[in-house]
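J.: coords below, sequence missing:
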(Lines give C-alpha, C1' and ligand atoms only; values in the text may rest on other atoms or scores of the structure.)
Protein backbone atom coordinates (compact mmCIF):
# COMPACT_ATOMS: atom_id res chain seq x y z
CA UNK A 1 0.00 0.00 0.00
CA UNK A 2 2.86 2.42 0.85
CA UNK A 3 4.43 1.75 -2.54
CA UNK A 4 1.18 2.65 -4.30
CA UNK A 5 0.87 5.94 -2.41
CA UNK A 6 4.53 6.75 -3.10
CA UNK A 7 4.12 6.06 -6.83
CA UNK A 8 1.12 8.39 -7.03
CA UNK A 9 3.03 11.17 -5.24
CA UNK A 10 6.09 10.85 -7.51
CA UNK A 11 4.20 10.78 -10.83
CA UNK A 12 1.84 13.65 -11.65
CA UNK A 13 0.79 11.88 -14.81
CA UNK A 14 -0.99 9.22 -12.79
CA UNK A 15 -3.00 11.81 -10.80
CA UNK A 16 -5.68 13.30 -13.07
CA UNK A 17 -7.41 16.58 -12.46
CA UNK A 18 -10.49 16.36 -10.29
CA UNK A 19 -13.92 17.76 -11.02
CA UNK A 20 -16.10 19.35 -8.38
CA UNK A 21 -19.75 19.58 -9.42
CA UNK A 22 -21.66 22.46 -7.82
CA UNK A 23 -25.34 22.46 -8.71
CA UNK A 24 -27.07 25.77 -8.17
CA UNK A 25 -30.74 26.11 -9.15
CA UNK A 26 -29.92 29.51 -10.61
CA UNK A 27 -26.56 28.79 -12.23
CA UNK A 28 -26.92 25.14 -13.20
CA UNK A 29 -24.05 22.67 -13.02
CA UNK A 30 -20.72 24.40 -12.58
CA UNK A 31 -17.62 22.32 -13.10
CA UNK A 32 -14.21 23.51 -11.97
CA UNK A 33 -10.94 21.67 -12.50
CA UNK A 34 -8.31 21.49 -9.81
CA UNK A 35 -5.65 19.15 -8.54
CA UNK A 36 -6.09 17.83 -5.03
CA UNK A 37 -3.43 15.22 -4.17
CA UNK A 38 -4.96 14.41 -0.77
CA UNK A 39 -8.32 13.44 -2.30
CA UNK A 40 -6.60 11.46 -5.01
CA UNK A 41 -4.54 9.56 -2.48
CA UNK A 42 -7.58 8.89 -0.28
CA UNK A 43 -9.54 7.42 -3.18
CA UNK A 44 -6.47 5.56 -4.44
CA UNK A 45 -6.06 4.00 -1.00
CA UNK A 46 -9.78 3.18 -0.90
CA UNK A 47 -9.72 1.42 -4.26
CA UNK A 48 -6.43 -0.33 -3.54
CA UNK A 49 -7.86 -1.61 -0.25
CA UNK A 50 -10.93 -2.87 -2.08
CA UNK A 51 -8.82 -4.64 -4.69
CA UNK A 52 -6.71 -6.28 -1.99
CA UNK A 53 -9.86 -7.47 -0.26
CA UNK A 54 -11.11 -9.07 -3.47
CA UNK A 55 -7.77 -10.71 -4.23
CA UNK A 56 -7.24 -11.92 -0.61
CA UNK A 57 -3.58 -11.04 -0.80
CA UNK A 58 -1.30 -8.08 -1.54
CA UNK A 59 -0.90 -7.43 -5.25
CA UNK A 60 1.16 -4.91 -7.17
CA UNK A 61 -1.88 -2.96 -8.33
CA UNK A 62 -1.63 0.45 -9.95
CA UNK A 63 -4.66 2.70 -9.89
CA UNK A 64 -5.48 6.29 -10.69
CA UNK A 65 -8.54 8.02 -9.43
CA UNK A 66 -10.65 11.15 -9.18
CA UNK A 67 -13.46 12.48 -7.08
CA UNK A 68 -16.80 14.20 -7.55
CA UNK A 69 -19.03 16.14 -5.20
CA UNK A 70 -22.41 17.74 -5.75
CA UNK A 71 -23.68 20.55 -3.58
CA UNK A 72 -26.94 22.47 -3.76
CA UNK A 73 -26.78 26.19 -3.13
CA UNK A 74 -28.99 29.22 -3.25
CA UNK A 75 -32.28 27.47 -2.54
CA UNK A 76 -34.12 25.27 -0.09
CA UNK A 77 -32.82 22.16 -1.85
CA UNK A 78 -30.14 20.71 0.40
CA UNK A 79 -29.93 16.99 -0.39
CA UNK A 80 -26.61 15.60 -1.59
CA UNK A 81 -26.55 13.38 -4.66
CA UNK A 82 -23.90 10.99 -5.94
CA UNK A 83 -21.80 12.15 -8.85
CA UNK A 84 -19.72 10.08 -11.21
CA UNK A 85 -15.94 10.46 -11.05
CA UNK A 86 -13.51 10.21 -13.93
CA UNK A 87 -12.59 6.63 -14.89
CA UNK A 88 -10.38 4.51 -12.66
CA UNK A 89 -7.91 2.28 -14.40
CA UNK A 90 -7.99 -0.89 -12.36
CA UNK A 91 -5.32 -3.59 -12.04
CA UNK A 92 -3.93 -6.33 -14.11
CA UNK A 93 -2.96 -8.84 -11.51
CA UNK A 94 -6.41 -9.05 -9.91
CA UNK A 95 -7.80 -10.65 -13.05
CA UNK A 96 -4.83 -13.00 -13.16
CA UNK A 97 -5.46 -13.95 -9.55
CA UNK A 98 -9.14 -14.61 -10.26
CA UNK A 99 -8.25 -16.88 -13.19
CA UNK A 100 -5.85 -18.85 -11.02
CA UNK A 101 -8.60 -19.25 -8.41
CA UNK A 102 -11.02 -20.66 -10.98
CA UNK A 103 -8.39 -23.17 -12.16
CA UNK A 104 -7.50 -24.20 -8.62
CA UNK A 105 -4.34 -25.85 -7.29
CA UNK A 106 -3.61 -29.56 -6.93
CA UNK A 107 -4.38 -29.51 -3.21
CA UNK A 108 -7.71 -27.73 -3.25
CA UNK A 109 -8.65 -27.56 -6.92
CA UNK A 110 -12.11 -29.08 -6.54
CA UNK A 111 -13.02 -26.78 -3.68
CA UNK A 112 -11.76 -23.70 -5.54
CA UNK A 113 -13.67 -24.58 -8.71
CA UNK A 114 -16.79 -25.15 -6.66
CA UNK A 115 -16.56 -21.69 -5.10
CA UNK A 116 -15.92 -20.08 -8.49
CA UNK A 117 -18.91 -21.83 -10.02
CA UNK A 118 -21.09 -20.75 -7.13
CA UNK A 119 -20.17 -17.10 -7.67
CA UNK A 120 -20.79 -17.28 -11.38
CA UNK A 121 -24.29 -18.67 -10.97
CA UNK A 122 -25.25 -16.58 -7.94
CA UNK A 123 -28.07 -14.10 -8.53
CA UNK A 124 -27.47 -11.16 -6.17
CA UNK A 125 -30.40 -9.49 -4.48
CA UNK A 126 -30.35 -5.79 -5.34
CA UNK A 127 -29.57 -3.28 -4.01
CA UNK A 128 -25.95 -4.23 -3.40
CA UNK A 129 -22.89 -2.30 -2.32
CA UNK A 130 -20.31 -1.05 -4.83
CA UNK A 131 -17.76 -3.50 -3.38
CA UNK A 132 -20.04 -6.46 -4.02
CA UNK A 133 -20.87 -5.20 -7.50
CA UNK A 134 -17.17 -5.05 -8.35
CA UNK A 135 -16.60 -8.49 -6.89
CA UNK A 136 -19.41 -10.14 -8.87
CA UNK A 137 -19.38 -8.14 -12.10
CA UNK A 138 -15.81 -6.89 -12.50
CA UNK A 139 -15.45 -8.29 -16.03
CA UNK A 140 -18.81 -6.90 -17.22
CA UNK A 141 -18.15 -3.28 -16.18
CA UNK A 142 -16.16 -0.73 -18.16
CA UNK A 143 -13.09 0.94 -16.66
CA UNK A 144 -15.06 4.17 -16.29
CA UNK A 145 -17.85 2.40 -14.38
CA UNK A 146 -15.34 0.75 -12.06
CA UNK A 147 -14.38 4.23 -10.92
CA UNK A 148 -17.70 6.03 -10.78
CA UNK A 149 -19.47 3.16 -9.00
CA UNK A 150 -17.48 3.97 -5.84
CA UNK A 151 -19.37 7.28 -5.53
CA UNK A 152 -22.70 5.50 -4.94
CA UNK A 153 -23.89 4.01 -1.65
CA UNK A 154 -26.30 1.51 -3.19
CA UNK A 155 -26.37 -0.15 -6.62
CA UNK A 156 -29.81 -1.01 -8.01
CA UNK A 157 -29.05 -1.83 -11.63
CA UNK A 158 -25.88 -2.35 -13.69
CA UNK A 159 -27.05 -2.73 -17.29
CA UNK A 160 -25.21 -6.01 -17.76
CA UNK A 161 -25.58 -7.14 -21.37
CA UNK A 162 -26.12 -3.65 -22.82
CA UNK A 163 -23.83 -2.34 -25.58
CA UNK A 164 -22.05 0.00 -23.20
CA UNK A 165 -19.99 2.98 -24.31
CA UNK A 166 -16.43 2.60 -23.06
CA UNK A 167 -15.60 6.10 -21.93
CA UNK A 168 -11.94 7.13 -22.03
CA UNK A 169 -10.14 10.47 -21.58
CA UNK A 170 -8.89 10.24 -25.16
CA UNK A 171 -12.40 10.48 -26.61
CA UNK A 172 -13.95 13.90 -27.33
CA UNK A 173 -17.19 15.19 -25.85
CA UNK A 174 -17.23 14.12 -22.21
CA UNK A 175 -15.15 10.93 -22.42
CA UNK A 176 -17.23 9.82 -25.42
CA UNK A 177 -20.56 9.85 -23.56
CA UNK A 178 -21.92 12.96 -25.36
CA UNK A 179 -22.42 13.95 -28.98
CA UNK A 180 -21.31 17.28 -30.46
CA UNK A 181 -24.58 18.97 -29.30
CA UNK A 182 -23.96 18.00 -25.69
CA UNK A 183 -26.74 15.39 -25.70
CA UNK A 184 -26.08 12.19 -23.80
CA UNK A 185 -25.56 9.15 -26.05
CA UNK A 186 -28.39 6.91 -24.88
CA UNK A 187 -27.93 3.12 -24.86
CA UNK A 188 -31.02 0.96 -24.43
CA UNK A 189 -30.94 -1.45 -21.46
CA UNK A 190 -27.99 0.43 -19.97
CA UNK A 191 -28.17 2.12 -16.57
CA UNK A 192 -28.43 5.74 -15.52
CA UNK A 193 -26.98 6.42 -12.06
CA UNK A 194 -26.86 2.63 -11.43
CA UNK A 195 -30.59 2.91 -10.80
CA UNK A 196 -32.65 3.61 -13.94
CA UNK A 197 -32.91 1.08 -16.76
CA UNK A 198 -33.38 2.72 -20.17
CA UNK A 199 -36.43 1.12 -21.79
CA UNK A 200 -37.35 3.42 -24.66
CA UNK A 201 -36.37 6.72 -26.28
CA UNK A 202 -39.35 9.09 -26.07
CA UNK A 203 -38.11 12.21 -27.80
CA UNK A 204 -35.65 15.07 -28.05
CA UNK A 205 -36.06 18.81 -27.55
CA UNK A 206 -34.00 21.98 -27.30
CA UNK A 207 -33.02 21.32 -23.69
CA UNK A 208 -32.36 17.60 -23.82
CA UNK A 209 -33.91 14.17 -24.20
CA UNK A 210 -36.82 12.26 -22.68
CA UNK A 211 -36.57 8.55 -21.89
CA UNK A 212 -38.89 5.87 -20.63
CA UNK A 213 -37.07 4.14 -17.79
CA UNK A 214 -37.68 1.61 -15.07
CA UNK A 215 -36.66 2.83 -11.63
CA UNK A 216 -35.17 -0.21 -9.90
CA UNK A 217 -35.21 1.64 -6.57
CA UNK A 218 -38.93 2.38 -6.48
CA UNK A 219 -39.94 -0.47 -8.84
CA UNK A 220 -41.96 1.70 -11.21
CA UNK A 221 -41.86 3.13 -14.73
CA UNK A 222 -40.83 6.78 -14.90
CA UNK A 223 -40.09 9.46 -17.48
CA UNK A 224 -36.50 10.67 -17.27
CA UNK A 225 -35.34 14.01 -18.65
CA UNK A 226 -31.64 14.30 -19.54
CA UNK A 227 -30.48 17.93 -19.80
CA UNK A 228 -27.85 18.76 -22.43
CA UNK A 229 -24.31 19.21 -21.18
CA UNK A 230 -24.10 22.91 -22.10
CA UNK A 231 -23.87 25.78 -19.65
CA UNK A 232 -26.86 27.77 -20.95
CA UNK A 233 -29.14 24.73 -20.77
CA UNK A 234 -27.87 23.78 -17.32
CA UNK A 235 -28.75 27.29 -16.14
CA UNK A 236 -32.31 26.98 -17.47
CA UNK A 237 -32.58 23.50 -15.95
CA UNK A 238 -31.72 25.02 -12.59
CA UNK A 239 -34.67 27.39 -12.89
CA UNK A 240 -36.95 24.52 -13.96
CA UNK A 241 -35.78 22.39 -11.04
CA UNK A 242 -36.50 25.19 -8.57
CA UNK A 243 -40.05 25.56 -9.93
CA UNK A 244 -40.68 21.81 -9.87
CA UNK A 245 -39.53 21.54 -6.26
CA UNK A 246 -41.74 24.51 -5.30
CA UNK A 247 -44.79 22.88 -6.92
CA UNK A 248 -44.12 19.57 -5.20
CA UNK A 249 -43.66 21.13 -1.78
CA UNK A 250 -46.90 23.09 -2.10
CA UNK A 251 -48.96 20.17 -3.37
CA UNK A 252 -47.92 17.44 -0.95
CA UNK A 253 -51.17 15.50 -1.45
CA UNK A 254 -51.05 15.69 -5.27
CA UNK A 255 -54.47 17.34 -5.36
CA UNK A 256 -53.98 19.86 -8.20
CA UNK A 257 -53.12 17.58 -11.15
CA UNK A 258 -49.72 19.21 -11.74
CA UNK A 259 -46.78 17.16 -12.98
CA UNK A 260 -44.63 16.02 -10.08
CA UNK A 261 -40.89 15.63 -9.92
CA UNK A 262 -39.80 12.38 -8.32
CA UNK A 263 -36.04 12.77 -8.00
CA UNK A 264 -32.99 14.40 -9.55
CA UNK A 265 -29.27 13.68 -9.75
CA UNK A 266 -26.22 14.64 -11.80
CA UNK A 267 -24.91 11.75 -13.91
CA UNK A 268 -21.83 12.13 -16.11
CA UNK A 269 -22.24 15.95 -16.13
CA UNK A 270 -25.93 15.76 -17.09
CA UNK A 271 -28.76 16.84 -14.82
CA UNK A 272 -31.24 13.94 -14.66
CA UNK A 273 -34.82 14.59 -13.54
CA UNK A 274 -37.39 11.80 -13.12
CA UNK A 275 -41.14 12.37 -13.43
CA UNK A 276 -44.39 10.47 -13.50
CA UNK A 277 -44.82 8.65 -16.81
CA UNK A 278 -47.86 9.65 -18.90
CA UNK A 279 -49.23 8.34 -22.17
CA UNK A 280 -48.73 11.30 -24.54
CA UNK A 281 -46.78 14.56 -24.54
CA UNK A 282 -48.22 18.00 -25.23
CA UNK A 283 -46.69 18.32 -28.69
CA UNK A 284 -48.18 15.04 -29.92
CA UNK A 285 -51.52 15.99 -28.39
CA UNK A 286 -51.61 19.31 -30.29
CA UNK A 287 -50.38 17.59 -33.46
CA UNK A 288 -53.25 15.11 -33.27
CA UNK A 289 -55.56 18.14 -32.97
CA UNK A 290 -54.19 19.63 -36.23
CA UNK A 291 -52.22 22.24 -34.26
CA UNK A 292 -55.37 24.10 -33.29
CA UNK A 293 -54.36 24.52 -29.67
CA UNK A 294 -56.30 23.56 -26.57
CA UNK A 295 -59.56 25.17 -25.48
CA UNK A 296 -60.04 26.54 -21.98
CA UNK A 297 -62.83 24.07 -21.30
CA UNK A 298 -60.52 21.15 -22.08
CA UNK A 299 -57.80 22.61 -19.86
CA UNK A 300 -60.32 22.82 -17.01
CA UNK A 301 -61.16 19.14 -17.48
CA UNK A 302 -57.48 18.30 -17.13
CA UNK A 303 -56.87 20.55 -14.15
CA UNK A 304 -59.99 20.00 -12.03
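T.: Here it is on my side, so go on. What you see is a predicted model, and the numbers here were worked out from it, not measured in a lab.

J.: Return the helix or strand in this protein with minimum mean pLDDT.
T.: Ranked by mean pLDDT, DSSP states H and E, the weakest helix or strand in the chain is strand 70-73, scoring a mean of 36.

J.: Count the neighbours of the closest residue to residue 130 other than its chain neighbours for me.
T.: With sequence-adjacent residues excluded and distances taken as C-beta to C-beta, 6 or more residues apart in numbering, residue 130 is closest to residue 149, at 4.7 Å. Every residue, glycine included, has its C-beta placed from N, CA and C. Using other C-beta atoms under 10 Å, residue 149 is surrounded by 22 other residues.

J.: which residues does residue 149 contact?
T.: By C-beta atoms under 8 Å, 6 or more residues apart in numbering, the residues touching residue 149 are 130, 133-134, 141, 155, 194.

J.: what kind of secondary structure is it in?
T.: At residue 149, secondary structure determined by DSSP: H, G, I helix; E, B strand; the rest coil is helix.

J.: Give me the buried positions along the one helix or strand residue 248 maps to.
T.: According to DSSP states H and E, residue 248 maps onto helix 231-249. Within helix 231-249, the residues scored as buried using 16 or more other C-beta atoms under 10 Å are 233-238, 240-242, 244-245.

J.: for it, packing partners?
T.: Judged by 3 or more C-beta pairs under 8 Å, 6 or more residues apart in numbering; DSSP states H and E, the packing partners of helix 231-249 are strand 28-34, strand 220-227, strand 261-267, strand 270-275.

J.: Listing partners with orientation, what would you give for the longest one?
T.: Here strand 220-227 has these sheet partners by DSSP bridges: strand 208-215 (antiparallel), strand 270-275 (antiparallel).

J.: Residues in contact with the helix or strand that the last one is followed by: which ones?
T.: Of the helices and strands lying after strand 270-275 in sequence (DSSP H and E), the nearest is helix 282-288. Where contact means C-beta under 8 Å, 6+ apart, the residues beyond helix 282-288 that reach it are 203, 292-294.

J.: mean confidence score for the next helix-or-strand element following helix 282-288?
T.: Counting by DSSP H and E, the next helix or strand C-terminal to helix 282-288 is helix 296-303. Over the span of helix 296-303, the pLDDT mean works out to 84.

J.: other SSEs contacting helix 296-303?
T.: Against helix 296-303 (3+ C-beta pairs under 8 Å, 6+ apart) you get no helix or strand.

J.: Below-threshold pLDDT in the stretch 1-150 of the chain: ranges please.
T.: Counting by pLDDT under 70, the stretch 1-150 of the chain shows low-confidence ranges at 1-122.

J.: try it again with 50
T.: For the stretch 1-150 of the chain, applying pLDDT under 50 flags the ranges 4-5, 11-22, 25-41, 44, 55-94, 105-121.

J.: how about the helices and strands packed on helix 231-249 in TSV, adding mean neighbour count?
T.: Shown next, in TSV, are the helices and strands packed on helix 231-249 (neighbours: other C-beta atoms under 10 Å):
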stretch	mean neighbour count
strand 28-34	15
strand 220-227	20
strand 261-267	20
strand 270-275	23
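
J.: Would you reformat the ones you listed as CSV and include distance to residue 190?
T.: Shown next, in CSV, are the helices and strands packed on helix 231-249 (distance: least, C-beta to C-beta, whole Å):
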stretch, distance to residue 190
strand 28-34, 21
strand 220-227, 12
strand 261-267, 11
strand 270-275, 13
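
J.: which one of the ones you listed has the lowest average pLDDT?
T.: Looking at those, the bottom one is strand 28-34 with a mean of 43.

J.: Any idea which of the strands paired with strand 220-227 gets closest to residue 161?
T.: With C-beta to C-beta as the criterion, residue 161 lies closest to strand 208-215 of these, at 14.7 Å.

J.: what's in contact with the closest one?
T.: The contact list for strand 208-215, computed with C-beta under 8 Å, 6+ apart, reads 183-184, 186, 192, 195-204, 220-228, 233, 237, 262, 270, 274, 277, 281.

J.: still on that earlier bit, possible to save the strands paired with strand 220-227 as JSON lines with distance to residue 172?
T.: As requested, the strands paired with strand 220-227 are exported to JSON lines (distance: least, C-beta to C-beta, whole Å):
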{"stretch": "strand 208-215", "distance to residue 172": "19"}
{"stretch": "strand 270-275", "distance to residue 172": "16"}
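
J.: Out of the ones you listed, which is closest to residue 302?
T.: strand 270-275 (16.2 Å).

J.: what's that closest one in contact with?
T.: Strand 270-275 has contacts (C-beta under 8 Å, 6+ apart) with 23, 28-29, 184, 192-193, 196, 208, 213, 215, 222-229, 234, 237, 240-241, 244, 259-266.
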